[in-house]
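Asker: got a sequence here, can you model it:
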Amino acid sequence: MDPVTQGKTDFALSDRDAVEWLSALPAASVDLLVTDPPYESLEKHRAVGTTTRLKKSKASSNAWFEVFPNARFPELFEAAYRVLKPDSHFYLFCDQETMFVAKPLAEAAGFRFWKPLVWDKLKIGMGYHYRARYEFILFFEKGKRKLRNLGVPDVIREPRVMRGYPTEKPSAVSTVLIEQSSDPGDLVVDPFCGSGSVGVAALRAGRRFFGNDTSEEARTYARERLIQEGGVERPLELSGPLGRRAKGDAGGGDLWDARGPEDDGRQLVLGV
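Answerer: Residues are numbered from 1 along each chain as shown. All right, here's what the predicted structure looks like:
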C-alpha cells in the first residue's frame, strides 16, 4: 500500500527547541507549515493584565510558558523555508505588533508575503483601546502554489476556545488553511504545536501531522486529542549529516523514509 495513503492519520510529536527541530528535518520534506509561536508581545499583555488566560493568578490556573523572542524569527523563517517543499504555503498566527516584525524577516528568508488573514473571534476580549476581537494569520508562499478554492474570504469567523489550553485556537480555523493549501495525504507541520489544534485539523482532513513543543503538558494534551481523532502515533527519528539525532516520544517500529526531493543528507523516518 502507498505509505501516503496508509499513513493519512499518522502523527508524531517531538520535544525539541522549535528551530533545532525544524533544522533536523530534511530539506523540502514538508507540504504545509501552520504555527502559532508564543510571540514576544504576549509577555507585555500579561504584564499589564490584559491576558488573563496566561497570567499567574488566583483567577487562572494556567501556567505561563516561555515566549519565542522576536530576535529568533530570522532563524525560524530560514529553517521553515528550507524544510518546505517548492510551491508550498506557510501560515503564521500573530498579533498586530508581531505582524510588523515578522513580515520583513520572513521575506528576507525567501518567502513571498501575500496578505494577512483575519481570524474573527466573534466576541471581544481583554484590552483598553478598542478591545481585541481578531487575530492575524500571515499568509506566506514559497514558490508558487494556487489555493484550492479562490472563493474563500480573508476573514475566518470562529469563536475562541473557552477554558481550553492556554492560547488554544479552534481547529476549524486551521482546517480552512489546511484544506486551502494542501492535499489529502500531505504532511502538515507545526513546530509550536501547543494544544494540537493544527494536528486535529490535519487528521480530520486526511493529512499526516508532525508536531513539536517543549512543554510536556502541551504534548500530553495534544496527544490525547489526536488519539481521540483516530490518529496513530508513530516514532519519529531525525538524523543529520553530522550525526545529530532527535527522537519523538513514541516507541520503536519499522521505518518509513520521508526524505524530500532536495535531501541534504538528513533522514526523516516515521515508524509503521
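Asker: what residue ranges in this structure score low on pLDDT?
Answerer: Applying pLDDT under 70 to the chain flags the ranges 1-8, 42-65, 162-164, 237-272.
Asker: mind redoing it with 90?
Answerer: Where the chain drops to pLDDT under 90, the residues are 1-9, 39-66, 123-132, 160-169, 235-272.
Asker: run through the strands of it in chain order.
Answerer: Under the criterion DSSP state E, the chain contains strands at 10-14, 30-35, 84-94, 112-120, 134-142, 155-157, 187-190, 208-212, 232-233, 236-239, 245-247, 255-257, 267-271.
Asker: make TSV out of those and add distance to Arg219.
Answerer: Quick note: C-beta positions are derived from backbone N, CA and C, even for glycine. Below are the strands of the chain laid out as TSV (distance: least, Cβ to Cβ, whole Å):
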stretch	distance to Arg219
strand 10-14	5
strand 30-35	15
strand 84-94	19
strand 112-120	24
strand 134-142	23
strand 155-157	26
strand 187-190	12
strand 208-212	8
strand 232-233	11
strand 236-239	12
strand 245-247	13
strand 255-257	21
strand 267-271	17
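Asker: winner for burial among these?
Answerer: Highest mean neighbour count among these (mean count of other Cβ atoms under 10 Å): strand 208-212, with a mean of 28.
Asker: returning to what we had before: out of the strands of the chain, which gets nearest to Gly199?
Answerer: Proximity to Gly199 (Cβ to Cβ) singles out strand 208-212 among the strands of the chain, at 4.2 Å.
Asker: outside of that closest one, which residues touch it?
Answerer: Here strand 208-212 makes contact (Cβ atoms under 8 Å, 6 or more residues apart in numbering) with 4, 7-16, 18, 21, 25, 30, 185-193, 196, 198-199, 202-203, 219, 222, 226, 231, 236, 270.
Asker: what angle separates it from strand 10-14?
Answerer: Between strand 208-212 and strand 10-14, the angle comes out at 10 degrees (axes from the mean of the first three to the mean of the last three Cα atoms, to 10 degrees).
Asker: dump strand 208-212 to PDB, restricted to CA.
Answerer: C-alpha atoms of strand 208-212 as PDB (Å, rounded to 0.1, in the frame of the first residue of the first chain):
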ATOM      1  CA  ARG A 208      -0.300  13.500   8.200                       C
ATOM      2  CA  PHE A 209       1.000  15.600  11.100                       C
ATOM      3  CA  PHE A 210       4.300  16.300  12.800                       C
ATOM      4  CA  GLY A 211       4.200  18.500  15.900                       C
ATOM      5  CA  ASN A 212       6.700  19.800  18.300                       C
END
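Asker: sheet partners, orientation included, of it?
Answerer: Sheet pairing of strand 208-212 (DSSP bridges) gives strand 10-14 (parallel), strand 187-190 (parallel).
Asker: could those strands go into a markdown table alongside distance to Lys142?
Answerer: Listed next are those as a markdown table, based on distance: least, Cβ to Cβ, whole Å:
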| stretch | distance to Lys142 |
| --- | --- |
| strand 10-14 | 22 |
| strand 187-190 | 13 |
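Asker: out of the strands of the chain, flag the one nearest Tyr128.
Answerer: Of all the strands of the chain, it is strand 134-142 that lies closest to Tyr128, at 16.3 Å by Cβ to Cβ.
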